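K.L.:
From the sequence below, what's the structure:
(one chain, ligands or ions: 1)
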Amino acid sequence: MSDMAHAEIDSEKRDFIYLATGAVAAAGVASITWPLVAQMGKAADTLAAGSIEINLENIEEGAQLKTLWRGKPVFVRHRTSKEIAEAENVDMSSLPDPETDNARLVAGPDGKINPKFLVMVGVCTHFGCVPVGEAGDFDGWYCPCHGSHYDTSGRIRKGPAPTNMEIPPYSYTANNVIKVG
Ligand code: FES
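P.N.:
Model prediction:
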């Protein structure tokens, strides 16, 4: 079952907060850890079972939407041309967890990959903190808990995290709509 939801924007952080229908609004989600927001709104079992639809048209270039899926934060970033170029022009041998940028994206209904939108589980693969966007040495995400730096594809580049941030199962249901889960 899919829930179209409403979004809020924290203009200072340029992050959207995208909450499943019926969830209680959360302000100031510039969180470091992820213990509580998943508890709000719908019952955990409802969230766990559901999928969510996200309209990409609502996410400006350079902005990131945060939502919840199965109790986990999901980031949807509308990447800039610079961020895409940085993600694509990487020496694979320099990556702790080698993965091309394309391998971390999903094709749209036309069969083509749109590199503008990166969708991933916003959880650090070290001990589960929520990384901060537009930060770190690689212009991607930075986890302040123990200093892991992720690039603009969400790949680990420096620090203790062992693997890239996870890509959730998702697909395009229309040119500008994805379904996660
Ligand atoms: S939890 Fe992110 S670096 Fe340790």
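
K.L.:
mind listing what the most centrally placed residue in the chain touches?
P.N.:
Against the mean C-alpha coordinate of the chain, by CA atoms, centre = their mean, the closest residue is residue 75 at 1.9 Å. Counting by CB atoms under 8 Å, 6 or more residues apart in numbering, residue 75 touches 64-66, 118-122, 133, 141, 154. In short, each C-beta sits where N, CA and C put it, glycine included.

K.L.:
List the beta-bridge partners for residue 53.
P.N.:
Beta bridges link residue 53 to residue 179, judged by DSSP bridges.

K.L.:
tell me which parts of the protein are close to the ligand?
P.N.:
Within the chain, the residues that sit near the ligand (CB under 6 Å from any ligand atom) are 124, 126-129, 143, 145-148, 159-161.

K.L.:
Just the residues contacting the longest helix along the chain, thanks.
P.N.:
Secondary structure of the chain read by DSSP state H shows that its longest helix is helix 81-88. Helix 81-88 is contacted from outside by 77, 79, 101-102, 115-116, 118, 138-140, 151-153, using CB under 8 Å, 6+ apart.

K.L.:
Quick one: mean pLDDT for that helix?
P.N.:
Helix 81-88 comes out with an average pLDDT of 98.

K.L.:
Stretch 171-181 now?
P.N.:
Rounded mean pLDDT across stretch 171-181 is 96.

K.L.:
swap in stretch 93-112?
P.N.:
97.

K.L.:
Next one, pLDDT for residue 19 please.
P.N.:
Looking at residue 19, its pLDDT stands at 48.

K.L.:
wait, residue 155
P.N.:
The score at residue 155 is 98. That number is its pLDDT.

K.L.:
For the nearest residue to it once chain neighbours are set aside, report the pLDDT, please.
P.N.:
The spatial neighbour of residue 155 that comes closest, neighbours along the chain excluded (CB to CB, 6 or more residues apart in numbering), is residue 164 at 4.3 Å. The model reports residue 164 with a pLDDT of 98.
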